[in-house]
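Chemist: Predicted model and sequence below, questions to follow.
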Amino acid sequence: MKHGSTLFLRIVIYLIGLAVLGLCVIIAGVSISGNAGMYLPVIVIMVVAAIPFFYALYQGLLLLRYIDQNTAFSDLSVKAIKNIKYCAFSISVLYAAGMPYIVYVADKDDAPGAVFIALVFIFVALITAVFAAVLEKLLQNALDIKSENDLTV
């Protein structure tokens, strides 16, 4: 397969990674300067959730490499999708675990939008995890059919 077919997706992954990295640097700068106040635990949750996010982006780049090498239907692809699923689920769990404190801070600061934003993060990550699980199952079934056909020939 031509490398140009996945070039756009690679560029998008790099741009998303750079945007989130820039946001993490800004958030870390706010927390280091001491202006975080009661938002410090929320900032910690956001920075910790960035770790599985970047790992999922890396797994996405690996998956695109497998597609370029014509090895999309392999165990490595299934493993990459499985890792993306676990990363998305862990991001959702991190934000869900911090949700009581986010609700508390939003109530104290009279900012109900903060709760909505946290819920968006939880559900987007959860939807991504479910989609990756379905894609993993489909790819695994395709691999099983392929290996079965290879054995019969």
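Modeler: Cool, got the structure.
Chemist: now the helices for the protein?
Modeler: 7-32, 40-68, 75-109, 112-152 (DSSP state H).
Chemist: From residue 44, how far off is residue 31?
Modeler: Using CB to CB, to the nearest Å, residue 31 is found at 8 Å from residue 44. Backbone N, C-alpha and C define where each C-beta goes, glycine included.
Chemist: I'd assumed residue 66 was in contact with residue 72.
Modeler: Yes. Assessed by CB atoms under 8 Å, residue 72 is found in contact with residue 66 at 5.4 Å.
Chemist: What is the burial count for the closest residue to residue 97 other than its chain neighbours?
Modeler: Excluding the flanking residues, the one nearest residue 97 by CB to CB, 6 or more residues apart in numbering is residue 45, at 7.8 Å. A total of 20 residues lie near residue 45 under the criterion other CB atoms under 10 Å.
Chemist: What residues does residue 45 make contact with?
Modeler: 94, 95, 97, 98 (CB atoms under 8 Å, 6 or more residues apart in numbering).
Chemist: Stretch 49-61: how far from the chain's middle?
Modeler: What separates the centre of stretch 49-61 from the centre of its chain is 6 Å, taken as CA atoms, centre = their mean, to the nearest Å.
Chemist: buried ones in it?
Modeler: Across stretch 49-61, burial judged by 16 or more other CB atoms under 10 Å covers 49, 50, 52, 53, 56, 57, 58, 59, 60, 61.
Chemist: Now do the same contact list for the nearest residue to residue 17 once chain neighbours are set aside.
Modeler: Nearest non-adjacent residue to residue 17, counting by CB to CB, 6+ apart: residue 57, 5.1 Å away. Taking CB under 8 Å, 6+ apart as the contact definition, residue 57 lies against 13, 16, 17.
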